[in-house]
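# quick one, fold the following:
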Amino acid sequence: METLPIPRTTIIALVTAFNEAETKIRCGFKTLEEAEAGLTQAFGEKWHQFDLAYLVRQHRLDFKEPGPLLDHLKRNAWYVLAERMELRRIFSHHRVKELDEQLESGKGLPPITEEDILAVLQGTMASLTTYREEAVKEVFEFLRPHCSRHKTTELEIGKRVILSWAVERKYGADGFHINHHTEQHLRSVDNVFHALDGKGLIPTYGGPLCDAIKAAGPDGSGETEYFRFRCFANRNLHLEFKRMDLVAQLNAVAGGNRLKPAT
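Sure thing, here's the model as predicted:
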């Protein structure tokens with residue numbers, strides 16, 4: 001049986017199709033490279049936030065549907081925006097937890113437009129009083145003793161507190177880390193003491209207390225304007241208050257008679 005040659009027009013069509021596809025792929029990769037470089041330059045480079053190839057591999061994304069990749073990029077962009085707006089320095093611990101959950105799921109995140117960013121900033125500024133009131137109550141609950149043999153001591157904060165599982169030694173280096181789950185609490189404590197003293201928000205993103213703990217030497221001790229502290233190898237943080245007048249204000253607002261059962 002005689003084998004017929006492949007028609008010449010088919011060969012030409014295949015060559016043309018390949019060359020056209022190659023040109024489009026090269027243009028597409030170049031566009032993606034430029035997009036990735038632009039995002040990295042604007043938002044900064046942290047892990048693989050805007051590494052498009054990594055995101056595609058890690059999450060098994062489909063080139064046919066850009067939606068999931070854009071969702072990842074949107075969440076990563078909002079993470080950076082929230083850090084730049086220093087929302088963790090302003091929010092109560094509960095609000096920060098809600099923010100983290102929203103950044104993780106992407107649900108309810110506004111579009112990234114000038115109007116939406118401005119709306120978030122305006123809403124945050126308008127709610128500062130509410131966030132402060134929430135933070136005062138949260139800080140009191142965080143600091144006051146629980147499960148005490150003397151129930152009356154649970155109604156107010158004293159001169160010193162011991163916070164369990166709050167710190168740990170740095171691996172292979174002198175000094176201590178702050179436990180991830182405790183850091184926002186300590187930032188809130190610092191924020192509340194600044195607010196009670198009429199000084200507004202903490203002056204740095206982490207706050208003087210967290211900054212001092214991270215900078216402490218091998219003995220883990222130090223102090224700031226409002227606190228003395230010492231970190232221990234058993235992961236306890238001993239915190240002493242230097243301004244008992246501010247502690248009294250905190251007790252008056254969030255503790256004391258407010259917690260006493262009705263007689």
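# from now on I want contacts and neighbour counts done on CA atoms only, so please keep to that.
OK.
# give me the below-cutoff pLDDT ranges for this structure.
Within the chain, the segments meeting pLDDT under 70 span 1-9, 146-154, 255-263.
# longest single helix anywhere in it?
In the chain, with assignment by DSSP state H, the single longest helix is helix 8-43.
# what's the helix or strand that it is followed by packed up against?
Of the helices and strands lying after helix 8-43 in sequence (DSSP states H and E), the nearest is helix 52-58. Judged by 3 or more C-alpha pairs under 8 Å, 6 or more residues apart in numbering; DSSP states H and E, the packing partners of helix 52-58 are helix 67-84.
# quick one: residues in contact with the next helix-or-strand element following the helix it packs on.
For helix 67-84, the succeeding helix or strand toward the C-terminus, using DSSP H and E, is helix 87-90. For helix 87-90, the external contacting residues (C-alpha atoms under 8 Å, 6 or more residues apart in numbering) are 82, 96, 128, 131, 184, 187-188, 191, 201-202, 205-207.
# looking at those residues, spot the one nearest residue 113.
The closest of the contacts of helix 87-90 to residue 113 turns out to be residue 82 (C-alpha to C-alpha; 14.0 Å).
# neighbours of that closest one, how many?
Around residue 82 sit 17 other residues, with neighbours defined as other C-alpha atoms under 10 Å.
# nearest residue to residue 160 other than its sequence neighbours?
residue 240 (4.4 Å; C-alpha to C-alpha, 6 or more residues apart in numbering).
# the closest residue to residue 52 other than its chain neighbours: what's it in contact with?
Among residues not flanking residue 52 along the chain, residue 36 sits closest, at 6.7 Å (C-alpha to C-alpha, 6+ apart). Shown in contact with residue 36 (C-alpha under 8 Å, 6+ apart): 50, 51, 52.
# could I get stretch 222-229 in PDB with only the CA atoms?
The C-alpha trace of stretch 222-229 is given here as PDB (Å, rounded to 0.1, in the frame of the first residue of the first chain):
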ATOM      1  CA  GLY A 222      15.400  45.700  80.300                       C
ATOM      2  CA  GLU A 223      13.000  48.600  80.800                       C
ATOM      3  CA  THR A 224      11.100  51.200  78.900                       C
ATOM      4  CA  GLU A 225       9.200  54.400  80.000                       C
ATOM      5  CA  TYR A 226       6.400  52.300  81.500                       C
ATOM      6  CA  PHE A 227       7.800  48.800  82.200                       C
ATOM      7  CA  ARG A 228      10.600  46.800  83.600                       C
ATOM      8  CA  PHE A 229      10.900  43.200  82.300                       C
END
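# check which residues of it are buried.
Within stretch 222-229, the residues scored as buried using 16 or more other C-alpha atoms under 10 Å are 222, 223, 224, 226, 227, 228, 229.
# what sits against the residue lying closest to residue 208 once chain neighbours are set aside?
The shortest distance from residue 208 to any non-neighbouring residue, by C-alpha to C-alpha, 6+ apart, is to residue 224 (6.6 Å). With contacts defined as C-alpha under 8 Å, 6+ apart, residue 224 is in contact with 208, 209, 212.
# for residue 246, see how far away residue 50 is.
Taking C-alpha to C-alpha, to the nearest Å as the measure, residue 50 falls 44 Å from residue 246.
# looking at those two, which is more packed in?
Neighbour totals were compared for residue 50 and residue 246, and residue 50 leads with 23 against 18 (other C-alpha under 10 Å).
# if I read this right, the more buried one contacts residue 42, doesn't it?
No. Taking contacts as C-alpha atoms under 8 Å, residue 50 lies outside contact range of residue 42: 10.6 Å.
# with only the CA atoms kept, save stretch 63-80 in PDB.
Output of stretch 63-80 as PDB, limited to C-alpha atoms (Å, rounded to 0.1, in the frame of the first residue of the first chain):
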ATOM      1  CA  PHE A  63      -2.900  29.300  33.000                       C
ATOM      2  CA  LYS A  64      -6.400  29.200  31.500                       C
ATOM      3  CA  GLU A  65      -7.900  30.900  34.500                       C
ATOM      4  CA  PRO A  66      -6.000  33.900  36.000                       C
ATOM      5  CA  GLY A  67      -8.600  34.500  38.700                       C
ATOM      6  CA  PRO A  68      -6.900  32.400  41.500                       C
ATOM      7  CA  LEU A  69      -3.500  33.900  40.800                       C
ATOM      8  CA  LEU A  70      -4.900  37.400  40.900                       C
ATOM      9  CA  ASP A  71      -6.600  36.500  44.200                       C
ATOM     10  CA  HIS A  72      -3.300  35.400  45.700                       C
ATOM     11  CA  LEU A  73      -1.700  38.600  44.500                       C
ATOM     12  CA  LYS A  74      -4.500  40.700  45.900                       C
ATOM     13  CA  ARG A  75      -4.200  39.100  49.400                       C
ATOM     14  CA  ASN A  76      -0.400  39.600  49.300                       C
ATOM     15  CA  ALA A  77      -0.900  43.200  48.300                       C
ATOM     16  CA  TRP A  78      -3.400  43.800  51.100                       C
ATOM     17  CA  TYR A  79      -1.000  42.300  53.500                       C
ATOM     18  CA  VAL A  80       1.700  44.800  52.600                       C
END
